[in-house]
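Participant: Here is the input, now give the coordinates:
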Amino acid sequence: MTDTNDQPASAYVSLGNEADMLLGFLDRQRATFAWKTAGLDAADLRATLAPSPLTLGGMLKHLARFEDDMSTEWLHGQPQLAPWNAIDWDADREWDWRSAADDAPQELYARWQQAVERSRAMFRAALASGGPDLPGTGNRADLARLPSVRYILVNMIEEYARHNGHADLIRESIDGLVGHDPPE
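Facilitator: Numbering: from 1, shown residues only. Got it, this is the predicted structure:
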């Protein structure tokens, strides 16, 4: 299975205002990740590319946690959501990556998609209250001030871009799927 689509994903990137552009770039990265992980079975989601232990299943679970943490903790200063708040992260910093091998593919896909939907709604609501300069809301004892919406969105784009590179290599090793944007 191959794809040689080299056109920019214009459907995901609006050249309107800055908030729309940031959300568009984030959605482009999410769509690329969804494409790189789509339709795989449990064995495929556990595949690694030596010497790295990274798996696509681990990325699904990690990015679900990342979506929840960015939208809940960083944007709103609220405590970490379940199941993430039940993990002793100091004792097992790799839990999301490692434990994904025990999860069914449909559970991994659903957890990530639900986290994306929650995050998307929270960011749109925050941006409706102000622009990208708006700081996150709520209180966090470890921060004098929550970072701006812009900072959080750029951080999310960067995290997805990094993992999309990993996903690209692993997926190509599984079934030959290549390309940097999902088919439009």
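
Participant: these two touch, right, residue 168 and residue 36?
Facilitator: Yes. Using Cβ atoms under 8 Å, residue 168 is in contact with residue 36, at 6.1 Å. Bear in mind the C-beta positions are built from the backbone N, C-alpha and C, glycine included.

Participant: So these two - more neighbours on which side?
Facilitator: residue 36 (26 against 18; other Cβ atoms under 10 Å).

Participant: Quick check: the more buried one vs residue 132, distance?
Facilitator: Separation of residue 36 from residue 132 (Cβ to Cβ, to the nearest Å) stands at 27 Å.

Participant: Could I get the contacting residues of residue 174?
Facilitator: 40, 44, 47 (Cβ atoms under 8 Å, 6 or more residues apart in numbering).

Participant: I'd like to know how many residues surround the last one.
Facilitator: With neighbours defined by other Cβ under 10 Å, the count for residue 47 comes to 16.

Participant: That one: which element?
Facilitator: Using DSSP states H and E, residue 47 sits within no helix or strand.

Participant: Name the nearest residue to it, ignoring sequence neighbours.
Facilitator: The spatially closest residue to residue 47, leaving aside those adjacent along the chain, is residue 174, at 5.5 Å (Cβ to Cβ, 6 or more residues apart in numbering).
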